[in-house]
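Undergrad: Sequence and predicted structure, then a few things I'm wondering about:
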Amino acid sequence: MKISRLSPLALAVSSLLTSTAFSVAAQEVEKDSPTAERTERISVLGSRIRSDGLDKASPVEVISADVAIGQGLSTLGDLLRNSTVAAGANQITSATSTSISEGGIGVETVSLRGLGANRTLVLLNGRRIGPAGTRGSVSAFDLNIMPLAAVDRVEILKDGASSLYGSDAVAGVVNIITKKGDESTLNVNMSKPQDDGGETLRLSGSIGRTFSKGSVRLVADYRKDSELQRGDRDFFDCAENYYFDTVTGERKDVIDPRTGSYHCNDLPAGHVWVYDYAQYGGDGTTNVPNGGGASTLLQYDYDGNLAQYLPPFTADPSNPAHLRVPAGWYPVNYSRETAGLTNSSHPFQSLSTLVPERETQTAFAQGEYWLTDDVTLYAEALFNRRETISNGYRQFWNLFHYTNDGAGVLPDSTLSPGWTGAQGLSSTPITDHDGDKITVDYRRFVVGAEGSLGDWSWDMNFQTSRSDGDYYSKLIFNDAIRSQEFITESCVGTNLSVRDIPCIDLPWLDPDFLNGQYTSEQRAFMFGDETGNTVYKQHTFEAVISGDLFELPAGIAGMAFGMQHQRDEILDTPGAVTLARNTWGTSSAGITAGKSTTKAVFTELQLPLLRELPAVERLDLELSARYTDVSTSGNDTTYKVGLNWDIAGGLRLRASQGTSFRSPALYELYLNDQVSFPRVADPCANWGTSLANGGISQLTADNCAAEGIAPDFRPPATSNTAVSGGGLGELVAETSTARTVGLVYTPEWTNFSMSVDYFDIEIKGEVTQLTAAQVVTGCYSSTEFSTEPLCNLFERNDLGQVDNIRLDYLNIASQFNRGFDFIFNYNKDTEYGQFFASYNHTIQIEAAERLLPTSPVENEAGRLGRPRHVGNLFLGWTMNDLTINWTTRMVGKASEMDKYIADNNKNTVTYWEEQVDLDLSTPSVFYHSLSATYNFSDSGVTLTTGVSNLFDKEPPKLSRATNYTDRVGTSAFYSQYDFIGRRLFVDITYSF
């Protein structure tokens with residue numbers, strides 16, 4: 001019998017997995033059969049031993065691709081993110097990818113248990129599939145590559161399996177199984193939100209044919225995702241502070257008197273910041289509100305109505321140090337009343353991208369040739385192109401310029417007519433010259449052979465993948481902006497330092513310039529674009545042989561032995577402007593190039609210990625071990641031990657413990673000096689007042705004073721510079737231990753089944769990258785300040801600002817993840833049709849990390865983006881050709897309040913000299929989908945139509961709390977929540 005052909009047992013497995021929404025385990029196929037072990041051998045996720053498909057010690061969840069159609073999901077990423085093993089952590093989606101670097105804009109990955117995408121192994125038909133993306137931080141498989149049209153089901157192994165599959169199977173394994181058989185289809189899938197933005201269209205065709213000597217399947221897929229702009233949804237377009245009265249609970253947000261609504265406090269742009277030095281000239285007085293600092297903004301009266309709400313800007317005629325400005329300029333944001341008049345929501349914002357426009361084209365082919373009765377040749381080819389377009393807006397600024405007459409305190413400038421006084425000025429124009437276009441071409445080939453030698457089965461294959469991505473970006477030239485800093489006269493007649501073009505004077509105090517209106521000459525001088533390229537290649541050879549080893553009293557011992565050789569290479573070449581270090585205000589980097597070679601041998605042993613005894617119908621021991629040698633990280637041996645105990649009456653206990661050895665990803669080793677510009681809250685800023693208000697601890701204040709920083713020090717309101725790099729030569733491999741214990745109940749007397757699994761994963765020496773805030777805060781909160789290593793990772797510039805923060809990858813962190821997975825299934829045949837129900841639920845007891853070896857363990861379970869509870873309820877009814885499905889997805893409540901209180905010693909925030917309450921909590925959110933499927937059997941057409949997010953549930957609202965919440969507008973911005981809103985979907989499939 002050919003291994004590649006479907007026998008009755010394999011057909012039973014396929015039928016079960018494709019007809020149910022969720023399954024207790026992939027191995028829950030049938031009860032013990034004395035002859036099954038010798039009649040058919042199939043591959044089961046979680047084991048390298050080809051066996052009869054019966055129960056294994058590892059928990060495996062199976063999700064049919066048909067589930068996605070019934071819920072209005074149209075991508076593999078959507079399907080996997082809804083699994084409870086992934087939904088408990090914030091995932092990288094096309095929307096959230098715009099603010100991260102791992103894989104670039106538009107990438108979608110999956111992170112099981114929230115342990116990171118590079119700790120989740122993704123397989124395609126049981127074989128590795130290489131990473132894809134752009135920029136220097138590519139390391140994970142991009143789910144955009146594999147269209148749902150080619151997918152039959154997804155198997156998720158929910159415990160560590162590094163000893164079987166390799167170092168990146170720390171949190172588990174996702175195995176994508178493609179469709180097989182002779183069915184051919186044409187498919188149209190559409191989704192239309194009730195509000196504009198976020199529409200999707202997918203067209204696909206698939207043909208499968210079996211011949212006398214083999215089979216072949218071809219799939220072609222086209223998908224278009226329309227852009228969702230911030231202005232398309234009101235809850236994303238206005239960033240209210242969302243504060244509340246501590247007594248009455250009423251809203252305390254500032255009102256914008258021009259609209260009568262709560263003030264939209266997003267990106268203040270088109271202003272002039274004032275640095276007041278009037279105390280050093282004239283009579284020492286000032287006419288600048290909040291004088292002596294950089295907290296006052298000047299705003300131009302574009303609409304001609306500020307005079308209705310603000311007093312005129314006046315100066316003492318006898319005091320030359322007082323600030324004088326041209327007509328139409330008013331100070332704002334220096335009091336509660338003036339805060340509401342601050343322009344912080346520019347029209348450019350509404351046009352910026354929230355979910356990028358994306359177009360994907362895929363061709364997939366797989367086939368096999370039955371060379372003999374004992375040998376089968378097989379091959380796969382995958383081609384994918386993804387184009388992603390994202391549009392943005394941004395602020396830029398002149399760091400410091402002077403008034404026309406500095407009153408003898410500051411230099412005089414000929415570039416500021418109409419502006420006089422002892423004040424420094426920093427202008428903040430805005431522009432929509434900001435955006436990216438990503439084009440990634442991906443190809444993957446697999447060739448292999450499998451066969452049998454008596455009772456032994458063998459498989460050897462070679463896979464090669466190549467991701468070639470171009471990333472086009474709009475940018476601002478650094479030499480153009482730097483040429484304007486601290487100058488007092490025209491730069492005309494000089495050339496720029498990098499591009500060597502003639503300098504022009506920019507009208508930094510012109511209202512139109514500040515508002516984003518530029519001449520063609522100014523645009524050419526300031527703005528440009530570039531294209532970088534990232535190539536990631538992976539080649540893997542693997543060979544496995546498995547079969548019967550010897551016979552024991554309780555059955556036949558099985559064994560598998562294999563080897564793997566893998567080579568990874570990355571070459572990221574940023575655009576010419578970035579390489580010249582001439583981009584302003586955006587990350588820049590050098591060329592990231594590196595490679596690694598992984599060699600491994602592994603073995604697995606399955607020992608039947610007991611059979612047919614009281615309370616022991618079956619007891620098996622599963623052992624596996626792997627020796628791994630990585631050219632960049634050394635070598636180690638990992639193991640896994642599993643116990644599978646079939647007690648009686650359908651009750652089964654399973655348990656396992658395994659270790660892992662994860663070599664750092666190439667970007668963690670070779671990333672070449674990536675420069676970014678984060679905004680870091682300086683703990684020493686005005687530390688005297690902060691200490692009095694309880695904003696910082698006495699320890700932090702003492703450390704700031706020890707460095708000689710004045711209690712009233714106010715750093716410039718500009719971004720900080722941070723430099724990230726790889727840790728080659730310093731980084732070592734991570735190690736981890738994963739434990740699971742579970743009960744499975746599948747009674748024969750009913751169609752009910754359930755499983756409960758406890759999981760416990762601990763990662764040590766985790767490769768991580770500290771944020772700029774963690775470095776700076778960790779320095780000044782250290783009890784060993786004089787010798788604290790974190791303090792050596794940054795410096796202060798001439799203005800006292802924290803600068804040149806070093807953020808290389810380090811082996812310092814630990815992660816801990818514990819909890820329970822529950823799965824319940826039930827189906828019932830009646831004269832009124834078949835009813836079926838499934839419920840999956842995951843409880844996170846601990847999702848903790850220890851950032852530094854001396855840091856306390858910080859449990860994030862229950863915090864924003866990490867709800868303790870997530871669940872999926874699936875209800876269905878089928879009668880004849882009609883199926884009705886109802887799905888409810890639950891995202892549990894979460895809160896950042898405990899963390900905020902621990903850090904700030906209070907549960908309020910100071911808002912215009914008043915204590916107000918924050919809302920840093922989200923309630924439990926339920927998303928419902930309803931669909932109906934009708935099979936027009938005579939014509940071969942299947943129609944599914946329905947509504948996703950049936951009750952149009954919006955993302956929860958959160959208060960503004962820097963470093964505690966991820967918001968867009970006033971809404972929580974985490975992958976668990978629906979950004980699109982209610983939408984209608986239709987899926988039409990023609991089978992032939």
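TA: Okay, I see it.
Undergrad: switch to C-alpha atoms for all contacts and neighbour counts from now on
TA: Noted.
Undergrad: May I see the buried residues of the longest strand belonging to the chain?
TA: When secondary structure is assigned using DSSP state E, the longest strand within the chain turns out to be strand 527-552. When burial is assessed from 16 or more other C-alpha atoms under 10 Å, strand 527-552 yields the following buried residues: 527-529, 531-549.
Undergrad: ditto for stretch 688-698
TA: Result for stretch 688-698 [16+ other C-alpha under 10 Å]: buried residues 688, 690, 691, 695, 696, 697, 698.
Undergrad: Give me the subset of those lying in strands.
TA: With strands defined by DSSP E, no entry of the buried residues of stretch 688-698 lies inside them.
Undergrad: Average pLDDT for stretch 771-780, rounded please.
TA: When the per-residue pLDDT values of stretch 771-780 are averaged, the result is 91.
Undergrad: oh, I was asking about stretch 340-351
TA: The predicted model assigns stretch 340-351 a mean pLDDT of 95.
Undergrad: Contact partners for the closest residue in space to residue 590 that isn't next to it in sequence?
TA: Spatially, and ignoring its direct neighbours in sequence, residue 590 is nearest to residue 672 (5.1 Å; C-alpha to C-alpha, 6 or more residues apart in numbering). Residues counted as contacts of residue 672 (C-alpha atoms under 8 Å, 6 or more residues apart in numbering) are 589, 590, 591, 592, 724, 725, 726.
Undergrad: how near is residue 672 to residue 136?
TA: Distance, residue 672 to residue 136, by C-alpha to C-alpha, to the nearest Å: 8 Å.
Undergrad: okay, and the common contacts of the two?
TA: Shared contacts of residue 672 and residue 136, counting by C-alpha under 8 Å, 6+ apart, come down to residue 592.
Undergrad: So, low pLDDT: which residues of the stretch 401-550 of the chain?
TA: In the predicted model of the stretch 401-550 of the chain, no residue satisfies pLDDT under 70.
Undergrad: What are the buried residues along stretch 497-514?
TA: The neighbour-count criterion (16+ other C-alpha under 10 Å) identifies 503, 504, 506, 508, 509, 511, 513, 514 as the buried residues of stretch 497-514.
Undergrad: With stretch 936-948 instead?
TA: Within stretch 936-948, the residues that count as buried by 16+ other C-alpha under 10 Å are 941, 942, 943, 944, 945, 946, 947, 948.
Undergrad: which one of those residues sits closest to residue 523?
TA: Checking the buried residues of stretch 936-948 against residue 523 by C-alpha to C-alpha gives residue 948 as the nearest, at 44.0 Å.
Undergrad: do you know how far the closest one is from residue 71?
TA: Counting by C-alpha to C-alpha, the separation of residue 948 from residue 71 is 6 Å.
Undergrad: what is in contact with those two at once?
TA: Going by C-alpha under 8 Å, 6+ apart, residues that sit against residue 948 and also against residue 71 are 929, 930.
Undergrad: Any idea which helix or strand in this structure has the lowest mean pLDDT?
TA: The helix or strand of the chain with the lowest confidence, counting by mean pLDDT, DSSP states H and E, is helix 8-19 at a mean of 34.
Undergrad: now for the helix or strand hosting residue 61, which elements pack on it?
TA: Residue 61 is located in strand 60-64, with elements delineated by DSSP states H and E. Using 3 or more C-alpha pairs under 8 Å, 6 or more residues apart in numbering; DSSP states H and E as the contact criterion, the neighbours of strand 60-64 among helices and strands are helix 8-19, strand 22-23, strand 151-157.
Undergrad: The same query, at a cut-off of 10 Å, please.
TA: helix 8-19, strand 22-23, helix 76-81, strand 151-157, strand 172-178 (3 or more C-alpha pairs under 10 Å, 6 or more residues apart in numbering; DSSP states H and E).
Undergrad: which SS class is the residue nearest to residue 590?
TA: Three states are possible here, and by DSSP: H, G, I helix; E, B strand; the rest coil the one that applies to residue 672 is coil.
Undergrad: I'm done for today, thanks for sticking with me.
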